[in-house]
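Colleague: Quick check, what structure comes out for this input:
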Amino acid sequence: MIARGSMTFECNKDPERSPMVLLQDIVQAVHQKQGQESAGQDEEREGEVQLQEEISDLKMELQETAAGQQLCSRLEELAQRRMDTLRKIREETKTADAKTAEDLWREYNEVKSQLDSTLTQARELRMTLAQRFKKGFRTAFITSRNFIPRRAWLGHAFTPAGRTLKQSKKEDLDGNITRTQTLSEGTPSGGLERRPTLSKLASHPTERSKREGAMADLTETILTQRAVLEATPLGHPDRRSVLISCATSLSERYEREGAKEDLDEMITLQRAALDSIAPVDPGRQPILAKLDDYLYKRFSREGAAADLEEIITLRRAVLEHTSRADQCRPLLNLAGCLREKFPRLGSGADIEEAIKLGHAALELCPPGHPDRTLSQDCLTSCLEAKNAGHDYLQQLISTVVSETLKNIPPRLLHTTTGILRDGDAQLSQFEASPQYSQLLSSISALDYKLRDEQIRKVVSSFFQYVMLSHRWGSSEPLLRDVEGMNVYGLGSTDGLEKLQEFCLRALKRGFAWAWSDTCCIDKDNSTELEEAIGSMFSWYRRSSLTLVYLSDVSGACSPADSVWFKRGWTLQELLASRTALFYTQDWSLCMNREVDNHKTDPAMLAELQKATGIAEGHLTNFCPDLHEARSRLQWASGRCTTRPEDVAYSLFGIFNLQLSVLYGESAERALGRLLAEIISRSGDISILDWVGEASTFNSYFPANLTPYQTLPCVPPPTPSDASRRDLDRERACTLYSSLAKLPHARIVSRNLTLPSIVHWITAVKLLHGPTNLSRYEYEIYASHLWPLKVTLSVSLEKTSNTYALVRPWHSTLLGEQADRDPDAPWKLVKQLERPFNALLLERLPGDGYKRIASDCEIVACVQDLDILASEVLTLEIV
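Modeller: So this is what the prediction gives:
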């Protein structure tokens, strides 16, 4: 009988049979026993692995005792001798003589007997120590090397003796996992002492996951492997294998779940493993290949340029450390990666290198070589990519040009030739220019970021244009007068001379394109005209320069005296332009200010402020929006336009609004639509603060912009603490809550929905009137207000509750962060104590109201604040 590890083999020892035959029988018996699970040497190696694992476990469990250490050393020595003897048996089976075979057989049995005996002693010692521990053989202070910690008596249960992982049952595996977890909990955290336990703990869930496909086991394996990695210091010989094992487990989970976090961690771990091995180490290649695979997965998923660049670097490293004869596949891999980079991110240098690599691979694959077809296909695809790449670059440029042309005027005068060109002609002009040829050749060598920047830089520079701002005069050339003509060769009317001088000034300053509102818009096309009006502000804002021609300013005259500052459209042109130069009648710079931008010149800025009343900040850095609407209306209130509706249309860009252009609708209706859009979008009630003639479009807006020339003036409040005495906190909070719930003002179906505090008029007393100007002066009594006098162009009835004085309300009057301020109700009271400009409303049949325009501001002074909830209302005004 021959014992081998935990396996026993029997053979008949016939004295009449030769030792050689007996030895062959021994080997045959060994192989037959191993064949029960798998064939030949695979199972034999598995048995050896299982024996080595048990010896390793015993070393870990018995290392605290001197006797255990001696037994384990003896076990390792005998196991090695048994392996050497068995190897000799296999080698000498066919050639050895009878005496040699007999000696080998005897040696094998002696070694095996000693191994079995020592193994038994070690197992008995383990059991003895475990029993000691169970009986409480432990003290608070560990001073003896014979102390066996808790992990020693648990350690023997990793794998039942004599059973491999393939043979173990599910309940054994589950039990091992449970016992190993217990062992792990009893092992001090950190350091090398914990590593063997954690490594064993990681192996069992992995095996169970492979058997049952449970994600929980795979996740547990990953968590444990991370702990193993944490317990394995840098420089430890096992750290690389731990990194790779953890990355492999994460890869398996990624294939199942596709979590980006797993993919990122896989790459990080694999990089660390790659960094831990020398470049010349043969074991580096598999690690490098796996990292390449992980990175390509992430690149395919996210398209990150950095991943593709790293893949290329890795493949270059593979190629560098591959012998010339074996370089075909590495060459093809690198060429394929560069080819893939080219259309996405790369430059012409990438595709040229890919073609060169393809040729090199083809040279290594003569006809008949298995990789020749693959090399030919790679080279062909690289050449095709290069041809397509040229078209691709042209398409990139064309796309940027198209985007640029969408944001500039559709027609521009070419200052060099004097020809008016539309968008298609502008594109053709660019493609025929030296700038285009230079751009196409230069970007092929740039990476994708620099390439895009360079394209936009060149295209933007080529299509820089200058805008003309002026007052229309007589004989201005229209589109039909200059289309297809050279403006420099046309007649010499005032309008043409102005256009020619404008183009020459633009050309002198290095600009190839120029735009004038006289001839660059087809005013007979209503659609084009509406689009031009809607785009005018952005055209001036995007221009490189605006030339302002003041035809009525000469010599040393002040620019502020020009009628240009009284025209409606020029306000938008002044505010939109970032860079502007003002020219006098003879096309010399105003005030002889030889600067690049008059809007940054202190002397010219002073003139502009004097002429417009606009603050410097708005002149130099104006933002088109609905902010401070009342002030912006004041800037425009003193200006006029040739077409009445343009008073409103010229303000669309200043307020950043897109409204329809309907020439013939009347100025009042156009202004009413503009003001209605402002109040609907912003809720700004300041535009309701006006005095003068009401619009026929609706009663709550003025008929024109003239009432906005002066800002509202309200007398300052009289200091008093009466409010706190007259109004208790509860009522103040109730009033605050009622006002806080009011919505913003808005326009619905041409009616103004206005949140207000309503003061009902209780009595009306006629003081004077009507005068010869049909004016009436009244004394009005209203709830919570002191009596006041007002002059109107209409007569009032004496019926009570027919009229009301209202205070328009907006949430901004509550103050910022008022909901967090405990004194907010009292601050509101102080706000309400102030005199205010009231609107006079007349109640109409039903629920509507009509505003009655006054000849002066109706300044109301508060008598008390006993305002009821019924007086905080949202009214509908027609």
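
Colleague: going forward, measure contacts and count neighbours with C-alpha atoms only.
Modeller: Fine.

Colleague: What separation is there between Asn407 and Phe537?
Modeller: As judged by CA to CA, to the nearest Å, Asn407 and Phe537 stand 11 Å apart.

Colleague: Compare the two (neighbour count), which wins?
Modeller: Using other CA atoms under 10 Å, the more surrounded residue of Asn407 and Phe537 is Phe537, with 24 against 12.

Colleague: Buried residues, the helix or strand harbouring that one. List them.
Modeller: Per DSSP states H and E: Phe537 is located in helix 526-542. For helix 526-542, a neighbour-count test (16 or more other CA atoms under 10 Å) marks 530, 532-542 as buried.

Colleague: With respect to Asp625, which of those is nearest?
Modeller: Comparing the buried residues of helix 526-542 against Asp625 with CA to CA places Phe537 closest, at 12.0 Å.

Colleague: which residues does that closest one contact?
Modeller: 572-573, 576, 653-654 (CA atoms under 8 Å, 6 or more residues apart in numbering).

Colleague: run the last query once more with 7 Å
Modeller: 572-573, 576, 653 (CA atoms under 7 Å, 6 or more residues apart in numbering).

Colleague: same question, Thr584
Modeller: For Thr584, the contact set (CA under 7 Å, 6+ apart) comprises 549-551, 553-554, 590.

Colleague: quick one: which of the residues you listed sit in helices?
Modeller: With DSSP state H as the criterion, helices contain none of these.

Colleague: Sort those by pLDDT and name the bottom one.
Modeller: Lowest pLDDT of these: Ser554, 89.

Colleague: Quick check, it in contact with Gln585.
Modeller: Yes. Contact criterion CA atoms under 7 Å: Ser554 and Gln585 qualify, at 5.4 Å.

Colleague: Comparing the two, which shows the higher neighbour count?
Modeller: Legend: neighbour count by other CA under 10 Å for Ser554 and Gln585, higher for Ser554 (18 against 15).

Colleague: Next, work out how far apart that one and Leu605 are.
Modeller: 19 Å.

Colleague: separation between the residue lying closest to Leu796 once chain neighbours are set aside and Val790?
Modeller: Distances taken as CA to CA, 6 or more residues apart in numbering place Val764 nearest to Leu796, at 7.5 Å, with adjacent residues excluded. In this structure, Val764 and Val790 are 10 Å apart, going by CA to CA.

Colleague: about what we covered before: now the helix holding Phe537: mean pLDDT?
Modeller: Across helix 526-542, the average pLDDT comes to 95.

Colleague: Which strand runs longest in this structure?
Modeller: Counting by DSSP state E, the longest strand found in the chain is strand 751-768.

Colleague: Determine how far whichever helix or strand comes after it lies from the middle of the whole chain.
Modeller: Sequence-wise, the next helix or strand downstream of strand 751-768 (DSSP H and E) is strand 776-782. Strand 776-782 sits 62 Å away from the centroid of its parent chain (CA atoms, centre = their mean, to the nearest Å).

Colleague: ok, now which ones touch the residue nearest to Ser241 when sequence neighbours are not counted?
Modeller: Spatial nearest neighbour of Ser241, chain neighbours left out: Ala273 (7.8 Å); criterion: CA to CA, 6+ apart. For Ala273, the contacting residues are 240, 243-244, by CA under 7 Å, 6+ apart.

Colleague: how about a cut-off of 10 Å?
Modeller: Counting by CA atoms under 10 Å, 6 or more residues apart in numbering, Ala273 touches 239-244, 247, 267, 284, 287-288, 291.

Colleague: repeat for Ala629
Modeller: Counting by CA under 10 Å, 6+ apart, Ala629 touches 654-655, 675, 678-679, 682, 684-687.

Colleague: Filter those down to the buried ones and hand me the ChimeraX line.
Modeller: Buried residues within the contacts of Ala629, by 16+ other CA under 10 Å, are selected in ChimeraX with:
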select :654,655,675,678,679,684,685,686,687
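
Colleague: which one of the contacts of Ala629 sits closest to Leu875?
Modeller: Ile685 (13.5 Å).

Colleague: which of the contacts of Ala273 tops the neighbour count?
Modeller: In the contacts of Ala273, the most neighbours by other CA under 10 Å go to Ala247, 27 neighbours.

Colleague: Need the phi and psi values for it.
Modeller: phi -60, psi -40 (degrees, to the nearest 10).

Colleague: and the nearest residue to it once chain neighbours are set aside, how many neighbours?
Modeller: Of all residues not flanking Ala247 in the chain, Met266 sits nearest, at 4.7 Å (CA to CA, 6+ apart). Using other CA under 10 Å, Met266 is surrounded by 25 other residues.

Colleague: tell me which residues of the one helix or strand Met266 maps to are tucked away?
Modeller: Assessed by DSSP H and E, Met266 sits inside helix 260-275. Buried residues in helix 260-275, counting neighbours by 16+ other CA under 10 Å, are found at 262-263, 266-271, 273-274.

Colleague: Can you list the buried residues in stretch 630-645?
Modeller: Quick answer for stretch 630-645 (16+ other CA under 10 Å): 630-640, 644-645.

Colleague: actually stretch 216-233, sorry about that
Modeller: Using 16+ other CA under 10 Å as the burial criterion, the residues of stretch 216-233 that qualify are 217-222, 224-232.

Colleague: And stretch 665-681, by the same measure?
Modeller: If you call a residue buried by 16+ other CA under 10 Å, then stretch 665-681 has these buried ones: 667-680.

Colleague: measure the nearest residue to Lys610 once chain neighbours are set aside to Cys590 for me?
Modeller: Distance criterion CA to CA, 6+ apart; nearest residue to Lys610, sequence neighbours excluded, is Ala560 at 6.7 Å. Ala560 sits 11 Å away from Cys590, going by CA to CA.
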